[in-house]
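Visitor: need a 3D model of the sequence below.
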Amino acid sequence: MKETYRKKALFLSFATVIYNIVEGVVAVIVGFLTNSSALFAFGLDSFIESLSGSVMIWRFGKPRDFEDEERVEQKARKLVAYTFFILAAYVFYDATSQLLAREEPEKSLFGIVIAVLSLLIMPSLAVAKRRTGEQLKSKSLIADSQQTFACVIMSGTLLLGVGLNYAFGLWWADPVAGIAIGLLLLHEGKEALEEEEDE
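Guide: Purely as a prediction, here's the structure:
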């Protein structure tokens with residue numbers, strides 16, 4: 001039974017990586033072309049989510065004995081936690097710079113489409129990873145599922161920021177949404193590290 005869940009965790013991790021690489025490439029390109037810090041930050045988050053998924057592929061890539069599994073589990077959990085901080089640092093820099101310089105992003109219907117697609121796809125993936133993590137008693141996979149849930153919230157934030165700019169011309173909503181995404185990432189990273197320290 002455990003082997004079945006390990007394979008399921010591996011499948012979900014591959015699905016996460018593939019989807020997020022495609023989403024990230026598209027979001028970063030469109031974000032760069034339209035000067036949208038929220039969309040660009042969202043695309044970078046997709047790459048970080050891919051990194052987190054890659055850690056999970058490494059974590060569940062092969063069966064391990066108990067001691068090796070515990071060591072790999074702890075290392076994987078730390079790596080997942082640090083991925084939040086990597087992205088948050090850049091997001092704050094980019095969004096704050098755009099806000100202070102009053103750089104107005106172009107209106108992006110494509111950004112709205114990306115956000116809606118993510119809101120439709122990511123919740124199911126997050127729930128499946130959490131349930132599988134609970135079955136395996138894997139805190140690293142549960143932490144990874146929390147990052148996927150964070151991606152859902154970021155999708156909503158992106159939709160709000162890009163949507164307000166698109167519909168009403170509120171250019172500042174885009175970088176403010178980027179800053180909100182950065183704050184969420186810091187919170188998630190802090191929680192993941194605190195869980196590690198409580199062990």
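
Visitor: please count neighbours and contacts with C-alpha atoms only from this point.
Guide: Noted.

Visitor: for the least confident helix or strand in the chain by mean pLDDT, buried residues please.
Guide: Within the chain, no helix or strand scores below helix 66-101, which has a mean of 77 by mean pLDDT, DSSP states H and E. For helix 66-101, a neighbour-count test (16 or more other CA atoms under 10 Å) marks 69, 72-74, 76-88, 91-92, 94-96, 98-99 as buried.

Visitor: packing partners for it?
Guide: With contacts taken as 3 or more CA pairs under 8 Å, 6 or more residues apart in numbering; DSSP states H and E, helix 66-101 sits against helix 37-60, helix 139-168, helix 173-197.

Visitor: how far off centre is the second one?
Guide: In this case it means helix 139-168. Offset of helix 139-168 from its chain centre (CA atoms, centre = their mean, to the nearest Å): 8 Å.

Visitor: for the shortest one, same thing?
Guide: Averaging C-alpha positions (CA atoms, centre = their mean) puts helix 37-60 5 Å from its chain's average.

Visitor: got the angle between it and helix 139-168?
Guide: Angle, helix 37-60 to helix 139-168, by axes from the mean of the first three to the mean of the last three CA atoms, to 10 degrees: 160 degrees.

Visitor: let me see the mean pLDDT of helix 37-60.
Guide: Averaging pLDDT along helix 37-60 yields 83.

Visitor: from memory Leu193 sits against Lys75, does it?
Guide: No: applying CA atoms under 8 Å, one finds Leu193 not in contact with Lys75, separated by 11.5 Å.

Visitor: so what's Gly163 closest to, chain neighbours aside?
Guide: Nearest residue to Gly163, sequence neighbours excluded (CA to CA, 6 or more residues apart in numbering): Ile112, at 6.4 Å.

Visitor: and for Gln98?
Guide: Among residues not flanking Gln98 along the chain, Pro175 sits closest, at 6.5 Å (CA to CA, 6+ apart).

Visitor: great, nothing more from me.
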